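> quick one: sequence and predicted model below, then my questions.
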Amino acid sequence: MILENDFSFFDWEYLQLEKPTDIYVKKLSNMKEQFIDNSVVLKILSSADLVLYKVEKFEPEKGKGNLIFSVTSLYPGTVGREYFFTQGHYHQNDFAEIYICLKGKGLLLLKDKNNEQVYNFEKGSISHINSNFAHRVVNIGDEMLKFISVYNVDAGFDYEKVIKEGGFSTKIVKSENSKSYKIETL
Ligand code: S6P
Ligand code: ZN
């Protein structure tokens, strides 16, 4: 039996998913508390909101055991000194995830209750994210960073747990001469 809905198409030239089943954006206003400098956030928001990233999903079937393919496009830029990042979450359920970076230069932050780790994440990087770690991607380049995620439909998103733990304490900011990044720990 051929399941038409189980097929989509990924355009490798434009790195774009055709026939997504869902698309959403996250803006600065959705992630106000995540950035170090609240006064900068409020100043930006007083004139305009910023789209930080877009997520396109291909979720053909919701039933148990199925997978989701998604593409995240994370814009380059900073809020004050701090590079744009994805919000970051734990999975609600015990499922790992694969991230594949298609384009750009970034860092992958992984955290559990006691530790945080930082990994290079750039075009070609593949990461298997263990189900115990909250995960966040930071764009430290000057172009769009794009990555694929593949995960179980029942993985779920637990943003609250990250907040309850005080958020990611690893902050990726511009270096003093603005030519590279540096890692600060709160
Ligand atoms: C889902 C996977 C990604 C993120 C996306 C946005 O498990 O990790 O598809 O949802 O990169 O990040 P966030 O933290 O806003 O969900
Ligand atoms: Zn995830």
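Arrived safely. Ligands and ions are numbered 1, 2, ... in the order given.

> what about the residue nearest to Lys19 when sequence neighbours are not counted, how many residues close to it?
Using CB to CB, 6 or more residues apart in numbering and skipping residues adjacent in sequence, the residue nearest Lys19 is Ser8, 4.7 Å away. C-beta: built from backbone N, CA, C; applies to glycine. When neighbours are counted by other CB atoms under 10 Å, Ser8 registers 15.

> go on, Tyr53?
Using other CB under 10 Å: Tyr53 sits among 22 other residues.

> residues touching it, list them.
Val25, Lys26, Thr72, Ser73, Leu74, Tyr75, Phe84, Thr86 (CB atoms under 8 Å, 6 or more residues apart in numbering).

> from Arg136, how far out is it?
11 Å (CB to CB, to the nearest Å).

> near ligand 1, which residues of the protein show up?
Counting by CB under 6 Å from any ligand atom, the chain comes close to ligand 1 at 26, 55, 70, 72, 86-89, 97, 135, 149, 151, 155, 157.

> give me phi/psi at Phe85?
Here is the backbone geometry of Phe85 (degrees, to the nearest 10): phi -150, psi 160.

> and Ser8, by the same measure?
For Ser8, the backbone dihedrals (degrees, to the nearest 10) come out as phi -140, psi -160.

> so what's it up against?
Leu17, Glu18, Lys19, Pro20, Phe58, Pro60, Phe69.

> residue ranges with poor pLDDT in the chain?
Along the chain, the parts satisfying pLDDT under 70 run over 1-3.

> by contact count, what packs against the helix ranked longest in it?
If you go by DSSP state H, the chain has its longest helix at helix 38-47. Here helix 38-47 touches strand 78-79, going by 3 or more CB pairs under 8 Å, 6 or more residues apart in numbering; DSSP states H and E.

> mind listing what the strand it packs on pairs with, with the direction of each?
Here strand 78-79 is paired, per DSSP bridges, with strand 82-83 (antiparallel).

> who does the helix or strand just after the strand it pairs with touch, helix- and strand-wise?
Downstream of strand 82-83, the next assigned helix or strand under DSSP states H and E is strand 97-103. Packing contacts for strand 97-103, counted by 3+ CB pairs under 8 Å, 6+ apart, involve strand 116-122, strand 126-129, strand 134-139, strand 145-152.

> quick one: closest of those to Ile163.
Nearest to Ile163, of all these, is strand 134-139, at 10.4 Å by CB to CB.

> name the nearest residue to Thr86, sequence neighbours excluded.
Excluding the flanking residues, the one nearest Thr86 by CB to CB, 6+ apart is Val137, at 4.9 Å.
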